[in-house]
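> Can you look at this prediction? I've put the sequence above it.
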Amino acid sequence: MKRLIKFLLPILILAVGFGGFQYLKRTKPERPVAEFSERVWRVEAETLQPRRLAPSLELFGRVETPDLLRAAASAPARVARVLVRDGDRVEAGQLLVELDPRDFSFRLAQAQAQIDDLDAQLESERQRQASDQAALEQEQKLLALAADAVERATQLTRQRVGSQTELDIAEQELARQSLAVSNRKMSLADFPARERALRARLDSAKARFEEIVLELERGRVTAPYDAIIASVSVTPGDQVRKDDVLLTLYAIDGLEIRARIPAPFQDELTAALRAEETLPAQALIGDRTLMLELTRLAGEASASGIDGFFRIIDDPASLRAGQMLSLRLQRLAHDEVVPAPFGAVYGGDRVYLLVDGRMQGVPVRSLGSWFTETGEERLLVRAPELSAGDQLIVTHMPNAIDGLRVEAVQ
């Protein structure tokens, strides 16, 4: 009996334990099913309206002038008067600097004396020519008489009436007279050459006189056009040499702006200029906007880009050579473009639209910056998938992916 109880007791304990476990399992409370909800991100969106717009290009330029004039001294002289200072605006014909005219007077007197001397020599040659012509007639008569004397002496010698000595004397006289006639003719023939030489020397003296007169006139330096005085290099009393710079000035209307254009835009702007397209630009000076226009590109380029030259359309009186400016060049306009905030463009080539409460990526092409009337800078993008009325997500989302759940807020 005891042996039976020892055998059945463990089995009974196991059966009671298993039954209790099944009871507890069946009577345990049921765990509610977990419900997962998708997070909704709140974003701002803008309604698209594609239109024709021109992208802008921000540049930095320098005011330059191809008409920088260096007024130099016309001759060695002392500076008598300086009537302008650096930065003065002058009008055409205004006297700027004057050299002492007394430094030119003695040179003018010397040149005039040389002219008078050559005039006198030329007149003397003319009188000599007239005298030679009159003397030639008399010498030709004397030559004829000498020839007759030789003939008579020859006849008398043949008749043994005259002596050989008388014949020799007559022949010598004939030879001397022949030589005198020949010299006189040579002098008459040489007159045109002597006259041309004196006239050449006289013309040279007159030219020298006119040169000194011109130097004297240029000793009064006047403005050739409306200009700005860039610098003044002398003061009254300075002794200057010929070609020493007195002052520099430049034409107000000759100012232009040189700006470096990045290499990626060189082909576009070159083609636009060849097609004679108008490429306006603006420069901000204080609270005033200066209107410009791109007129040409430099003849040399580098890896970084090429220099462009801008014509100033408005009054350039407030500009000065060497002044640095920031300007905004308006490039060629494009159709069906959208001005998007920079935060709405991812990687420069992708934006997201709000479609049925989710983000939908659209690849785009960036065309450049564009500025609103309030001065806000935006990026012009274009894509065939962008249509009027689409909702562009302008809130920058670090976790932006296609299909992300979003909600538009004002």
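That came in fine, so what should we check first?
> Ramachandran angles for Arg51?
phi -160, psi -180 (degrees, to the nearest 10).
> what does the model give it for pLDDT?
pLDDT recorded at Arg51 is 91.
> so how many other residues sit close to the closest residue in space to it that isn't next to it in sequence?
If you skip the residues right next to it in sequence, Arg51 has Val337 as its closest partner in space, 7.1 Å away by C-beta to C-beta, 6 or more residues apart in numbering. Every C-beta, even on glycine, is put in place using the N, C-alpha and C of the backbone. Neighbours of Val337 under the rule other C-beta atoms under 10 Å: 24.
> hang on, Val337 in a strand?
Yes: checked against DSSP: H, G, I helix; E, B strand; the rest coil, Val337 lies within a strand.
> any idea how far it lies from Ala383?
Distance, Val337 to Ala383, using C-beta to C-beta, to the nearest Å: 10 Å.
> same check, this time on Glu256
Glu256 is 39 Å from Ala383, by C-beta to C-beta.
> how about Ala197, secondary structure?
Going by three-state DSSP: Ala197 is helix.
> again with Gly17
The local conformation at Gly17, judged by three-state DSSP, is helix.
> Any idea how many residues pack against it?
10.
> Which residue, other than its chain neighbours, is closest to Phe371?
Nearest one to Phe371, counting by C-beta to C-beta, 6+ apart, is Glu377 at 5.5 Å.
> Next, the buried residues of the host helix or strand of Leu69.
For Leu69, the element it lies in under DSSP states H and E is strand 68-72. For strand 68-72, the neighbour count (16 or more other C-beta atoms under 10 Å) marks 69, 71-72 as buried.
> Now render those residues as JSON lines, adding distance to Ser304 and pLDDT.
As requested, the buried residues of strand 68-72 are exported to JSON lines (distance: C-beta to C-beta, whole Å; pLDDT from 0 to 100):
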{"residue": "Leu69", "distance to Ser304": "32", "pLDDT": "92"}
{"residue": "Ala71", "distance to Ser304": "37", "pLDDT": "94"}
{"residue": "Ala72", "distance to Ser304": "37", "pLDDT": "94"}
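> ok, those residues vs Asp307, which is closest?
In terms of C-beta to C-beta, no member of the buried residues of strand 68-72 lies closer to Asp307 than Leu69, at 22.8 Å.
> what about the closest one, distance to Pro224?
On the measure of C-beta to C-beta, Leu69 and Pro224 end up 7 Å apart.
> How about Gly347?
Plainly put, Gly347 is 57 Å away from Pro224 if you go by C-beta to C-beta.
> Next up, the contacts around Pro341.
378-379, 394 (C-beta atoms under 8 Å, 6 or more residues apart in numbering).
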